[in-house]
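Undergrad: Here's a sequence, model it:
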Amino acid sequence: MRKIILTSLLFVLACSAVVWKSHADTTVTGDYVEARTASVFAGACHYNGELVTTGNDAVLAWNFRHGEWKETNLAGVRVIAVVSGDTNLSQNEGTRRSEIVIDGVTSSAQLSAVVEALKSKYKETLGEVASVRQAPIKFEHKNKRFFVVSADFVELSVEALPNDECCKMPNLVWYAPFVELETRKVGYTEKASYAGGIVGSAWQRGDENSAFYGRFTL
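TA: Reported below is the predicted structural model:
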């Protein structure tokens, strides 16, 4: 009987180890920030006015700090995606396209793993991925401030709201971030710009509460 119990226990532990390893091999974490062309934290009238007139575009940025996707190390990878839709991006019935820039990959296998992870996890958010290319990306996160730039593509500058106002007045947060986040916060967008390209014309926004930031896991 003791031998049977011991054998069963070893089997359970072995299965648990396999499950844990599988989870570890497909878990990547890091910093994330996004900015829309509409305020995400505002009064009701402001929100309703923008809902039918703007909000069709957004910049999304990931900084992969550590973790693996199917046994491929993605630490150090940085990604920017510009998403453009034919309606406000909160409307699920609209169509959308995206343009993606990736930096920090060191091999074709790593690049393929990043693209697969993004398309697998964020398929609905990205819509049709019209372009994927490699280019330098600067991603800074210091003292609740984000600065992301890729020359001739995107520039994004976001800082935390004073006193976490979004948490004190959650009824004035009208959207959810495109990416599931831990400790999601609303950010003040000093500047968000897209130089124009495959998915749309150039645009620039700023001086509004149009950003979300936090820690992502995929």
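Undergrad: next SSE after the lowest-mean-pLDDT helix or strand in the chain?
TA: Of the helices and strands making up the chain, the lowest-confidence element is helix 2-25, at a mean of 40, by mean pLDDT, DSSP states H and E. Heading C-terminal from helix 2-25, the first helix or strand you meet, by DSSP states H and E, is strand 28-36.
Undergrad: Give the other helices and strands that that next one contacts.
TA: Strand 28-36 makes packing contacts with strand 57-69, strand 138-142, strand 145-150, strand 154-160, strand 181-194, strand 208-217 when contacts are defined by 3 or more CB pairs under 8 Å, 6 or more residues apart in numbering; DSSP states H and E. Where you see a C-beta, it was placed from the backbone N, CA and C, and this is true even at glycine.
Undergrad: okay if I get those as a markdown table plus mean neighbour count and mean pLDDT?
TA: Listed next are the helices and strands packed on strand 28-36 as a markdown table, based on neighbours: other CB atoms under 10 Å; pLDDT from 0 to 100:
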| stretch | mean neighbour count | mean pLDDT |
| --- | --- | --- |
| strand 57-69 | 22 | 96 |
| strand 138-142 | 14 | 97 |
| strand 145-150 | 20 | 98 |
| strand 154-160 | 21 | 97 |
| strand 181-194 | 19 | 95 |
| strand 208-217 | 21 | 96 |
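Undergrad: how about the ones you listed, which one is nearest Arg96?
TA: Smallest distance to Arg96 across the helices and strands packed on strand 28-36 (CB to CB): 9.4 Å, for strand 57-69.
Undergrad: Which strands border the next helix or strand after the closest one, and is each parallel or antiparallel?
TA: Sequence-wise, the next helix or strand beyond strand 57-69 is strand 72-73, with elements assigned using DSSP H and E. Each strand that pairs with strand 72-73, with its direction, by DSSP bridges: strand 57-69 (antiparallel).
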